[in-house]
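> fold the following, please.
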Amino acid sequence: MELSRSKRTTRYISSAIQGKLMVRLSIYWIVYNSALLVVMAGQQLVRLAPDLVTGQSNFDLGRFSHEFFSSSRPLLISMSVFCPLIIWDMLRYSHRIAGPIYHFRRVIETYNDGGELRKVTLRGDDLLQEFQVTFNRLVDRVHQKSGTQVPEEVVDLAAESQLDAIHSLIEGSGIRAVEAPPVSN
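Alright, predicted model coming up:
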């Protein structure tokens, strides 16, 4: 049984889902980090407040900004590095939702265009597995009412997909298959 079926070749398939999610995540990142920088700058200004009030300090905005950003350089670098990583991870994760939706839509469009109604087989790590079960029950019901049968190869693919899912789950857990010792009487 070949596991390459479960490998994804396309990450970005739905601007309606994934695009909006990436934009929203980017906005959250910008707002959060901007607020964090403002709070950090405010905290440093509060520390300078007693000296500024008593006149014991000459405040220079340029020097303050330079010192603030110099002392915050590791944080700024971290912010710059983690944003693309978080967005990439969210893109990969959202594909586990957008991919199945795309697949369901393709099956429905094929049926609406006069094609055969088929069961949907999702990858083992895709989300919407419960919807797959419900959808496939609907396909069975439609075929039952119309007196037709679900194509055999689709049923076989569904069983194979579940075996692939179990196999990848075992691989991901670090469990190794071993032979059981013979049972002695």
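> where's Tyr93, which helix or strand?
Secondary structure assignment for Tyr93, by DSSP states H and E: helix 73-112.
> next one: Gln144 relative to Val150, how far apart?
Distance, Gln144 to Val150, by CB to CB, to the nearest Å: 9 Å. Glycine gets a C-beta too; all of them are placed from N, C-alpha and C.
> and the residue nearest the centre of the chain, what pLDDT?
Against the mean C-alpha coordinate of the chain, by CA atoms, centre = their mean, the closest residue is Tyr93 at 1.2 Å. With respect to pLDDT, Tyr93 scores 87.
> ok, the one 3 residues further on next?
The predicted structure scores Arg96 at 87 on the pLDDT scale.
> show me what contacts it?
Going by CB atoms under 8 Å, 6 or more residues apart in numbering, Arg96 touches 125-127.
> quick one: mean pLDDT over stretch 20-27.
For stretch 20-27, mean pLDDT is 88.
> other residues contacting that stretch?
If you take CB under 8 Å, 6+ apart as the criterion, stretch 20-27 is touched by 83, 86-87, 90-91, 94.
> what about Arg123, which SS state?
coil (DSSP: H, G, I helix; E, B strand; the rest coil).
> for the one 4 residues further on, same thing?
Secondary structure state of Leu127, per three-state DSSP, is coil.
> hang on, it packs against Ile97?
Yes - under the criterion of CB atoms under 8 Å, Leu127 makes contact with Ile97 at 5.1 Å.
> pLDDT below threshold where in the protein?
Applying pLDDT under 70 to the chain flags the ranges 1-13, 151-185.
> re earlier: so what's the residue nearest to the centre of the chain up against?
Applying CB under 8 Å, 6+ apart to Tyr93 gives no contacts.
> please redo it, this time with the cut-off set to 10 Å
Neighbour list for Tyr93: 18, 21, 125, 127 [criterion: CB atoms under 10 Å, 6 or more residues apart in numbering].
> and the strand or helix carrying Val139 with helix 73-112, angle?
According to DSSP H and E, Val139 maps onto helix 129-146. Computed with axes from the mean of the first three to the mean of the last three CA atoms, to 10 degrees, the direction of helix 129-146 lies at 0 degrees from that of helix 73-112.
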